[in-house]
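In: Quick one: sequence and predicted model below, then my questions.
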Amino acid sequence: MKALIHRRFGPPSVVELAEYDRPEPSATELLIKVRASAVNTGDWRIRAAAFPGILAIPGRLMFGLTRPRNPRLGSEFAGDVVAVGRNVTGFTPGDAVYGISPGAGTSAEWITIADDAAVAPIPDGLTYAQAAALPFGGLCALVFLHEYARLAAGQRLLIVGATGGVGCYAVQIAKALGAHVTGVAGADSQALLESLGVDTALDYTRADIYSGADPFDVVFDTIGTLSPRQARALMTARGLFLPLNYGLREIGAALINPLRHRKIRLAVNPDRAEDLRRLSAMVSAGAVRPVIAQICPLSEAVAAHAHVESRHKHGAIVLAVDTPEALPPSSQR
């Protein structure tokens with residue numbers, strides 16, 4: 001089978017296609033024929049060992065000190081269950097599923113994955129490509145806003161990077177939770193911002209885009225442009241700052257949380273099956289839709305990684321493995 005790999009840490013050019021034997025599932029695993037995968041920010045950081053701030057040390061320890069511990073690339077996928085291990089009870093062959101598992105090497109024709117990983121049935125009506133575009137950004141946005149921020153109806157939320165791989169889902173999830181959403185993106189992203197449902201769209205290429213704005217209950221920076229000081233200036237007296245990327249500056253700000261009303265919370269979201277099912281329910285209810293920037297074949301994975309690393313993509317970059325734009329059989333009507 002074909003699979004994307006990287007034999008060393010480095011730029012997108014280290015990505016290559018390699019041949020592997022088809023894996024066999026263990027007693028608690030699923031064997032999945034992958035139809036679509038995706039390239040996300042996490043895949044870029046693993047490929048390049050570009051872990052932000054203080055996460056560089058645990059990142060290297062987890063993924064390899066001098067070379068990749070696991071050369072296989074990819075974490076998101078959508079496809080069909082072909083076989084299950086003898087102890088698997090929640091899935092059967094023929095199920096159309098999607099999910100995420102960092103380090104699982106999902107940019108491949110076949111994968112095995114634990115039955116208790118973040119895997120769920122593909123919501124009705126979604127293609128494989130649309131399903132593969134959901135887990136990374138959708139789960140991150142859901143956990144950060146619903147669990148960490150406890151975002152409530154009527155609260156004011158600022159999302160920086162509101163059309164990126166996480167931001168485009170943060171807008172939709174926040175609106176579903178009843179928040180008033182202000183989204184920040186570039187001039188070429190304003191139409192997408194409005195289609196996602198923001199209450200206020202801001203263009204960061206304009207000067208003083210934050211001047212005159214009412215304070216926000218939550219500031220969610222998905223791309224790492226705001227300092228804690230800048231975020232605090234935008235927040236209400238009891239506001240919360242959630243940065244996806246953080247280093248010593250943010251850790252220092254978090255250490256003095258007890259001395260401040262305006263807090264900063266540093267976290268990394270887990271990938272849990274129950275959260276994926278909650279995301280699926282929001283998709284089925286029409287509250288969240290996949291956002292795809294581009295679909296490309298595995299043979300163009302180098303360009304896909306470069307696009308993600310540019311930090312200027314609008315939505316997800318999907319890799320076509322096998323008929324990704326088709327509806328799964330279980331979703332056809």
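Out: Structure received.
In: Can you tell me the SS state at the nearest residue to Ala176 once chain neighbours are set aside?
Out: Excluding its sequence neighbours, the residue lying closest to Ala176 (Cβ to Cβ, 6 or more residues apart in numbering) is Ala287, at 3.9 Å. Backbone N, C-alpha and C define where each C-beta goes, glycine included. Under the three-state scheme (DSSP: H, G, I helix; E, B strand; the rest coil), Ala287 adopts coil.
In: hang on, isn't Ala287 packed against Gln172?
Out: Yes. Judged on Cβ atoms under 8 Å, Ala287 makes contact with Gln172 at a distance of 6.5 Å.
In: any idea how far the nearest residue to Leu298 once chain neighbours are set aside lies from Gly178?
Out: Counting by Cβ to Cβ, 6+ apart, Leu298 lies nearest to Leu319, which is 5.6 Å off, once chain neighbours are set aside. Counting by Cβ to Cβ, to the nearest Å, the separation of Leu319 from Gly178 is 35 Å.
In: quick one: which of the two has more around it?
Out: Leu319 (29 against 11; other Cβ atoms under 10 Å).
In: quick one, what contacts the residue lying closest to His6 once chain neighbours are set aside?
Out: Among residues not flanking His6 along the chain, Val14 sits closest, at 4.7 Å (Cβ to Cβ, 6+ apart). Val14 makes contact with His6, Arg7, Arg8, Arg47, according to Cβ atoms under 8 Å, 6 or more residues apart in numbering.
In: and what of Val283?
Out: Here Val283 is in contact with Pro123, Leu126, Leu134, Arg289, Pro290 (Cβ under 8 Å, 6+ apart).
In: Check those residues against Leu244 and report the nearest one.
Out: Nearest to Leu244 among those is Leu134, at 17.4 Å by Cβ to Cβ.
In: Surely the closest one is in contact with Pro290?
Out: Yes. Leu134 is within contact range of Pro290, at 5.4 Å (criterion: Cβ under 8 Å).
In: okay, and the common contacts of those two?
Out: Val283, Ala316.
In: more neighbours, the two?
Out: Set side by side, Leu134 and Pro290 show more neighbours around Leu134, with 30 against 21, by other Cβ under 10 Å.
In: What's the per-residue pLDDT of that one here?
Out: pLDDT, Leu134: 97.
In: Ser331 now?
Out: The model's pLDDT for Ser331 equals 56.
In: go on, Asp188?
Out: Model confidence at Asp188 (pLDDT) stands at 89.
In: how far away is it from Phe241?
Out: 27 Å.
In: Same check on Glu147?
Out: Glu147 is 16 Å from Phe241, where distance means Cβ to Cβ.
In: The two: which is more packed in?
Out: Taking neighbours as other Cβ under 10 Å, Glu147 and Phe241 compare with Phe241 leading, 27 against 13.
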